[in-house]
Every structure is written in C-alpha cells, then in structure tokens.
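J.: got a predicted model here, sequence first, then my questions.
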There are 2 protein chains.
Amino acid sequence: MRRSEIRDHLLDTALQLFNERGYHATGIDLIIAESGVAKTTLYRHFETKEDLILAALARRDEEDRVEMRSFVDQRTSDSFERLLATFDFLEESLKDKKFRGCIFVSAAGEHKDPANPVFRAAEMHKRLTVAYFEELAHAARFADPKRIAEEINLLHEGAMAVAQISRSYEPARQAKHLAGQLLAVAKRMEPVASRGDPAQTAGMPVTPFGA
Amino acid sequence: MRRSEIRDHLLDTALQLFNERGYHATGIDLIIAESGVAKTTLYRHFETKEDLILAALARRDEEDRVEMRSFVDQRTSDSFERLLATFDFLEESLKDKKFRGCIFVSAAGEHKDPANPVFRAAEMHKRLTVAYFEELAHAARFADPKRIAEEINLLHEGAMAVAQISRSYEPARQAKHLAGQLLAVAKRMEPVASRGDPAQTAGMPVTPFGA
DNA sequence: ATATAAAGATACAGATCTGAACCTTTTATC
DNA sequence: GATAAAAGGTTCAGATCTGTATCTTTATAT
C-alpha cells in the first residue's frame, strides 16, 4: 500500500468498525487486523486511540456535510424544496445496510462527559449541521430561520434514532412528511420586490407572471 | 444493608453509572465500589454483567412507562391533551441534571447487533412506548392512530437526541409545539353518538349538557 | 545507488476487565 | 440459640486492551 493512502485507509476501516461495533468495543488490534496495517504504523499516524477517533469523526463530519450539500444542491435549486430534500439525503443514508445509528450520537453516547473531546466533536458536527439548515431556511425566507433549522434538525435526529432501532428507512419519509406540514404553515418574509434577488427568483417558475 | 434491598440497590447504582458513563466504560469493579457491595454478592444476584444490564434496563423500562402513564393520567383526562402531555413528561426527564441521553438508545448504540439481547431490550422498550402512544391516539379518535403514534415517537426521539448533545430541555418544548401543530391537522374519526362511550365521555366537562 | 524515513512483524509492559475461588462474618429462620 | 443461607473481603486466573520497544524490510528521494 502506498504510504499516502495508509492514513485514509485506517480512517475508513476505523469508521466502519466504530459504526458496526461502537467505540469501546472496537479495539486497536481489530482495527489493524482489519486494515492489514502494522500496529507500529497506526501509532505513527495517530498518537492515541482517541486521536484516531477524533480524526475519524472529523473526516466523517466533513464528508457528511459536503455530501448532503451536493445531494441537495443537485436535486433542486428552490430553497424551500432544499429543506425537504435533506430528508431524501437522510433516507439514502438510512437505506445503507450498514446504518447503525448516527455515529456522532453514538460517539456522544459513549463519551458522555461534555468536556471530552469526542463529545465535543459530536457537538460541533451537530452545530454545523443545524447551521446548514438555518442557511437553507434563511434562503427560503422563513421569518425565524433559526427556529425552523432546529425543528428540521429535531426531525432528522428523531428519524435517525428511530431508524437505528427499528432498522427501517421509513422514519426518514415520515420525518419529511412532518417537515412538509410544518414548513407549509410557518411564517415567511414578504418577498422583496427588487429584481434579481436570488432568494426570490431561485426556484421560481420559468414564466413568472402567471402566463 | 437488608438482603432484599441489595438487588434493588445494585440496579439503582448500575443504572446511574450506565447513564453517566455508558455500558462498556462502567466496570463491575466500579459498580461494587459505588454500591458498597462485595463482588461475590453481585455475582450471586446476577450471573454476568450482561444479565445485570438486562435487569437494569427491564427495571427502567417498567419505571419509565409507569411514570409516564401516571404523570399523563393525572395531568388531564382528555386523550388529545394526553398525547401532548407526554412531552411535558419528557421535559421533566430532560430537566434532570443527570440526563445524558436515552439509556435505551445508548444501550442499542453500544450493542449494535440486532441479535444481541441488550439491543433487543432497547427495541422492546421502544415498541412498548409506541404502543402507549397508539393507545392514546386511538382513544383520541385519530383516524390513523398507528401513524400518529409513530410521529409522536419520532418527535420524542428527536428531542432526546438533541437534548443529549445540546444539554438543554428546550427540545422537549419544541417537540411539543410541533406535535400540537401536527395533531391539529390530523384526521379524526366522527364522534359516535352512542351514550357512555368511554372514548367520547372521557375528559368531558363534568356538566355535559352545556349547563 | 545510497541515505532516510516509514512500514511490517512481533513481543512485551502495565493496566483493566470479567468472573471464579476461598474463607470469614453477618443475618435470618427454625 | 443453632443452623443455613447470604454478604463481606480478598485473591487470583485468564483474557483483553492500549501503547512501547525492537528489529527487519520496503519504499522514497536525492
């Protein structure tokens, strides 16, 4: 294996094992056996197991949010619809046979001290995820984008928790349905009449004047 | 300590430690140190650590559901309001300084194999909880009580997951607010005009004829 | 091609964990 | 009060876990 690939390969293997078995239940020996890398090598790339966990979470955090953004972006350019499309992304995640619950929630569940770096990594991921929802809610001109973002997030978390135990992807559809109802009645800002406002024109029909 | 109390005391201590530190991170030695019970004694009451976990979860499952029922029952006798009152119970749970996430979700997160007895205990608890919601939704004459129950459950799970990481009880209020909106627009059965129907009379004013 | 850094392989130290063994002391029951 | 059962206290076996040490082999860079 080429040197530059080893770190990535270790993170991949570790993430897979953490997801399948949890953090405490996944020993260093299993990670090196599964990845085919010598123990010496692992410890040259990561000082401690905690460092490995943090690096794995950082990688997954980045991946997850980039993938969600790109999935959502290419599905629709309407901000309102984008909020709903996050649930389609979630559904795809849950459909993965290997889904065993949100790895950040599990990480926080196994490292419960709020001062623990692993807990804080999970916290940060959730913050950034909510920030993305808020960005979408703002673009969709909701009057209280922060609140909308928190509600969307609550539905995401609920769907993941239920899916983890029921082993079904239905919760993502249910959450999307609930989100649709909630967004439909939520207050939105008056559309401003300035031409070329992206928040206004994005996702609007091609023939804007009722044709 | 009186013999008959030891088992209960061990379960209390174990539950507290599992909640504060997780399952793998809580060793037998810590449990006996914290409870002041000899190791021999612990192993006379529980054959293995897994047995102790299962007994602890069984106890908490029973407690939780009984307490939720009694909380809800004494708050209101109207079935519709009872569905919403479950979120007030949830809020009280989250307000507990020691809340560190749903112990059943954590248990499933640390024992991810669906065949694992611990995972199945968590699964069973969630099933029974949803069954209670369905009972309430049925009594409130919702047209699709199963669906309503699953939606309520999803909101509960979402609130717990968010609360675990954000360390706030606000998610319970948000979830209640969302539930209120959803229930308000959900289809309900026509009230049947037969006298003495409990589903109809339960929670009605004491003076039923407009006085 | 040679020097340098990293990877492989393995053994080991030290801690920790579960569960059993062993014996003494307390408690409950007749 | 005697007897039996359970609790206390401690030690230990065996496994496992993290992280280090040591040495050999491979790859890379000049």
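T.: Nice, I can see it. Numbers count the residues shown, from 1 in each chain, chains lettered A, B, ... in the order given.

J.: DNA strand D contacts on chain A?
T.: A:2-3, A:26-30, A:39-40, A:43, A:47-50 (CB under 7 Å from any atom of the strand). Every C-beta, even on glycine, is put in place using the N, C-alpha and C of the backbone.

J.: so which of those is surrounded by the most neighbours?
T.: Neighbour counts for the residues of chain A next to DNA strand D (other CB atoms under 10 Å in any protein chain shown) peak at residue A:26, which has 21 neighbours.

J.: am I right that that one is in a strand?
T.: No - counting by DSSP: H, G, I helix; E, B strand; the rest coil, residue A:26 is not part of a strand but coil.

J.: would you confirm that it contacts residue A:19?
T.: No - contact criterion CB atoms under 8 Å: residue A:26 and residue A:19 do not qualify, at 9.4 Å.

J.: wait, a helix at residue A:154?
T.: Yes - using three-state DSSP, the assignment for residue A:154 is a helix.

J.: how about the contacts made by the closest residue to it other than its chain neighbours?
T.: Counting by CB to CB, 6 or more residues apart in numbering or on different chains, residue A:154 lies nearest to residue B:158, which is 4.0 Å off, once chain neighbours are set aside. By CB atoms under 8 Å, 6 or more residues apart in numbering or on different chains, the residues touching residue B:158 are A:153, A:154, A:155, A:156, A:157, A:158, A:159, A:161, B:171, B:175.

J.: how long is stretch A:108-117 from one end to the other?
T.: 10 Å (CA to CA, to the nearest Å).

J.: can you pull out the helices in chain A?
T.: A:3-21, A:28-35, A:39-45, A:49-75, A:79-95, A:103-110, A:117-139, A:145-166, A:170-185, A:198-201 (DSSP state H).

J.: can you redo those helices as JSON lines, where the extra columns are mean pLDDT?
T.: Shown next, in JSON lines, are these (pLDDT from 0 to 100):
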{"stretch": "helix A:3-21", "mean pLDDT": "94"}
{"stretch": "helix A:28-35", "mean pLDDT": "97"}
{"stretch": "helix A:39-45", "mean pLDDT": "96"}
{"stretch": "helix A:49-75", "mean pLDDT": "98"}
{"stretch": "helix A:79-95", "mean pLDDT": "98"}
{"stretch": "helix A:103-110", "mean pLDDT": "98"}
{"stretch": "helix A:117-139", "mean pLDDT": "98"}
{"stretch": "helix A:145-166", "mean pLDDT": "98"}
{"stretch": "helix A:170-185", "mean pLDDT": "97"}
{"stretch": "helix A:198-201", "mean pLDDT": "48"}
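
J.: count of neighbours near residue A:71?
T.: By other CB under 10 Å, 17 other residues sit near residue A:71.

J.: what does stretch A:33-50 contact?
T.: With CB under 8 Å, 6+ apart as the criterion, stretch A:33-50 contacts A:1, A:6-7, A:9-10, A:12-14, A:16-17, A:28-29, A:31-32, A:52, A:55, A:117-118.

J.: kindly apply the preceding question to stretch A:140-148 instead.
T.: A:79-80, A:82-83, A:133-134, A:137-138, A:183, A:186-189, A:191, A:199-200, B:174.

J.: surely residue A:139 touches residue A:81?
T.: No - Residue A:139 lies out of contact with residue A:81 (CB under 8 Å); the separation is 11.0 Å.

J.: which bits of chain A sit near DNA strand C?
T.: A:1, A:3, A:6, A:36, A:37, A:38, A:39, A:40, A:41, A:44, A:45.

J.: select only the buried ones of these in PyMOL?
T.: Remark: buried members of those, expressed as a PyMOL selection using 16 or more other CB atoms under 10 Å in any protein chain shown:
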select buried, chain A and resi 6+37+41
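
J.: redo the residues of chain A next to DNA strand C as CSV? Include distance to residue A:102.
T.: Shown next, in CSV, are those (distance: CB to CB, whole Å):
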residue, distance to residue A:102
A:1, 30
A:3, 32
A:6, 27
A:36, 28
A:37, 27
A:38, 32
A:39, 29
A:40, 33
A:41, 30
A:44, 30
A:45, 26
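
J.: and of the residues of chain A next to DNA strand C, the nearest to residue B:110?
T.: residue A:39 (24.7 Å; CB to CB).

J.: separation between that closest one and residue A:8?
T.: Relative to residue A:8, residue A:39 is positioned 18 Å away (CB to CB, to the nearest Å).

J.: residue A:51 now?
T.: 15 Å.

J.: more neighbours, the two?
T.: Using other CB under 10 Å as the criterion, residue A:51 and residue A:8 rank with residue A:51 on top: 13 against 10.

J.: can you give the domain ranges for chain A?
T.: Listed by automatic domain parsing, the domain ranges of chain A are A:1-46, A:60-187.

J.: torsion angles phi and psi at residue A:77?
T.: As for residue A:77, its main-chain torsions (degrees, to the nearest 10) stand at phi -110, psi 0.

J.: that one: how many residues sit nearby?
T.: Neighbours of residue A:77 using other CB under 10 Å come to 14.

J.: ok, back up a step: go ahead and build a PyMOL selection from the buried members of the contacts of stretch A:140-148.
T.: Restricted to buried positions by 16+ other CB under 10 Å, the PyMOL selection for those reads:
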select buried, (chain A and resi 79+80+82+83+133+134+137+138+183+186) or (chain B and resi 174)
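
J.: how far away is residue A:97 from DNA strand D?
T.: 24 Å (CB to the nearest atom of the strand, to the nearest Å).

J.: swap in residue A:184?
T.: Distance from residue A:184 to DNA strand D, by CB to the nearest atom of the strand: 48 Å.

J.: one more: residue A:89?
T.: Residue A:89 is 32 Å from DNA strand D, by CB to the nearest atom of the strand.

J.: looking at the domains of chain A, which is buried most?
T.: Each of the domains of chain A was assessed for mean neighbour count using mean count of other CB atoms under 10 Å in any protein chain shown. The highest is domain A:60-187, with a mean of 19.

J.: for that domain, measure first residue to last.
T.: 34 Å.

J.: quick one: distance of it to the chain centre.
T.: 6 Å (CA atoms, centre = their mean, to the nearest Å).

J.: no further questions, thank you.
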